[in-house]
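*Asks:* Take this sequence and fold it.
(one chain, ligands or ions: 1)
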Amino acid sequence: MKHNLETKIKIGNHTKMLWESNSIAKQRMIMGLKRSGLSQKGKIKVVRTKRYCKRCNLEFVTLISSSKVYCGRNCSGKEAIRNATVAYVANRNHIHECIRILVIQWSITNKEIVLKTPYNKIRTSLKSLLDEIKIRYGVSDIRVICKAVLGVDTGRKDLIRFMKKISSENIC
Ligand SMILES: [Zn+2]
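*Replies:* As a prediction, this is how the structure comes out:
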């Protein structure tokens, strides 16, 4: 299809207007460019835009079709680490909460065992509970279990003390 100069200017202006808008037509142009692969090959001049880095607030210029929100790898990398840490902490807290609930339920269900457990025989006496925690949550470190249940790791004797308290409170 051939266009005369006037039509070309009109189309040019229209296209420019579309790029500056936030319309569905603009989204279509972006998708079209991405699909064609022409934008990557530099065959089509894509409008550039100024953005502010989501992390450091520094101004940077990028293609209007780009999904970039960070000024560079330094900021995107740091943000990725931060997000991973947030997810890790949330997951760890969730696991700790699950362990706490399991220990409480187990103490109620197995109160005879808990009440008979000597303070120095936790590993052997509570083996089935510790095995279940390991299988379900991959946690075998008794200090981590103490911290999950008590909020702080004050030692395994405090753990069994807590469990005995739960067991004796729930005798029917
Ligand atoms: Zn930045």
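*Asks:* the domain parsing of this structure - what is it?
*Replies:* 5-71, 85-169 (automatic domain parsing).
*Asks:* Could you identify which of these is most buried?
*Replies:* domain 85-169 (a mean of 15; mean count of other C-beta atoms under 10 Å). C-betas here are computed from N, CA, C, even on glycine.
*Asks:* Enumerate the residues of the protein near the ion.
*Replies:* 53, 55-56, 58, 71, 75 (C-beta under 5 Å from the ion).
*Asks:* May I see those residues arranged in CSV, with pLDDT, distance to Met29 and secondary structure as well?
*Replies:* Formatted as CSV, the residues of the chain next to the ion follow (pLDDT from 0 to 100; distance: C-beta to C-beta, whole Å; DSSP: H, G, I helix; E, B strand; the rest coil):
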residue, pLDDT, distance to Met29, secondary structure
Cys53, 96, 25, coil
Arg55, 93, 28, coil
Cys56, 95, 30, coil
Leu58, 95, 27, coil
Cys71, 95, 25, coil
Cys75, 95, 28, helix
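*Asks:* hang on, the earlier thing: between the domains of the chain, which gets the lowest average pLDDT?
*Replies:* Of all the domains of the chain, mean pLDDT reaches its minimum on domain 5-71 (a mean of 77).
*Asks:* For Leu159, see how far away the residue nearest to Arg143 when sequence neighbours are not counted is.
*Replies:* Distances taken as C-beta to C-beta, 6 or more residues apart in numbering place Asp153 nearest to Arg143, at 4.7 Å, with adjacent residues excluded. Using C-beta to C-beta, to the nearest Å, Asp153 is found at 9 Å from Leu159.
*Asks:* Which residues are in contact with each of those two?
*Replies:* Between them, Asp153 and Leu159 share these contacting residues under C-beta atoms under 8 Å, 6 or more residues apart in numbering: Cys146.
*Asks:* Am I right that Lys50 is in a helix?
*Replies:* No: Lys50 is assigned strand when assessed by DSSP: H, G, I helix; E, B strand; the rest coil, not a helix.
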